[in-house]
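Enquirer: My questions concern the predicted model and sequence given below.
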Amino acid sequence: MANPSKQVSVDHSRRALLFGYRGRHAPLRPPWSQHESHFTARCTQCDDCVRACETGIIVRGDGGYPEVDFNRGECTFCGACEQICVEGAFLDANQEPPWDYVAKIGDGCLALQGVYCRNCGESCEAEAIRFHFNMHRVPEPTVGTDACTGCGACVENCPTQAVTVRQQI
């Protein structure tokens with residue numbers, strides 16, 4: 001366990017203002033994380049969840065708090081991060097859904113620019129990303145938010161980094 005005197009607190013709203021991130025999304029925390037304020041209040045930055053992550057997508061982020069980096073792979077929702085935490089920073093994986101995140105396709109998508117690409121759909125095991133065909137354009141992706149688990153498999157395979165995983169609104 002981390003030494004409480006070494007614990008670093010990060011005021012994300014202040015940091016956003018100072019670095020021009022205003023309006024950007026909060027860090028993507030591991031699955032089953034409590035609400036941001038509860039999570040950061042309980043997390044000791046011990047890195048147990050980082051070490052427990054079987055796919056290596058949980059990394060040490062701002063202030064030492066764990067964040068998910070889908071550029072490193074996808075989440076299998078194994079629950080190891082929740083199970084190893086003794087500080088209560090996570091919800092019960094057996095009782096709660098992992099999160100309410102879904103994939104979002106951004107303007108940088110090659111298909112939206114007329115270039116044939118289906119990488120995101122081919123990597124989506126849940127088949128949440130579908131392509132709509134049109135005789136006059138290349139197939140364009142849409143995300144079925146009801147089927148998307150937010151696993152992030154589509155993020156790593158996007159050549160233009162147009163796919164992100166964010167909270168469903």
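Expert: Sure, I can see it.
Enquirer: and residue 48, how far is that from residue 78?
Expert: Counting by CB to CB, to the nearest Å, the gap from residue 48 to residue 78 is 14 Å. Any C-beta I mention is one placed from the backbone N, CA and C, and that applies to glycine too.
Enquirer: Those two: which has the busier surroundings?
Expert: residue 48 (19 against 14; other CB atoms under 10 Å).
Enquirer: In stretch 58-72, which residues are buried?
Expert: By 16 or more other CB atoms under 10 Å, the buried positions in stretch 58-72 come out as 58, 61, 63, 64, 65, 66, 67, 68, 70.
Enquirer: can you pull the contacts of residue 60?
Expert: 45, 47, 50, 66, 67 (CB atoms under 8 Å, 6 or more residues apart in numbering).
Enquirer: A helix includes the third one, no?
Expert: It refers to residue 50. Yes. Residue state for residue 50 (DSSP: H, G, I helix; E, B strand; the rest coil) corresponds to a helix.
Enquirer: Neighbours of it, how many?
Expert: Neighbour tally, residue 50, other CB under 10 Å: 20.
Enquirer: for the second one, same thing?
Expert: Residues within reach of residue 47, counting by other CB under 10 Å, total 14.
Enquirer: Give me the pLDDT value at it.
Expert: Residue 47 carries a pLDDT score of 97 in this model.
Enquirer: And the helices in the chain?
Expert: Listed in chain order, the helices of the chain (DSSP state H) span 12-19, 36-42, 48-52, 80-84, 119-122, 153-156.
Enquirer: would JSON lines of those with distance to residue 133 be doable?
Expert: Below are the helices of the chain laid out as JSON lines (distance: least, CB to CB, whole Å):
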{"stretch": "helix 12-19", "distance to residue 133": "40"}
{"stretch": "helix 36-42", "distance to residue 133": "40"}
{"stretch": "helix 48-52", "distance to residue 133": "42"}
{"stretch": "helix 80-84", "distance to residue 133": "39"}
{"stretch": "helix 119-122", "distance to residue 133": "12"}
{"stretch": "helix 153-156", "distance to residue 133": "19"}
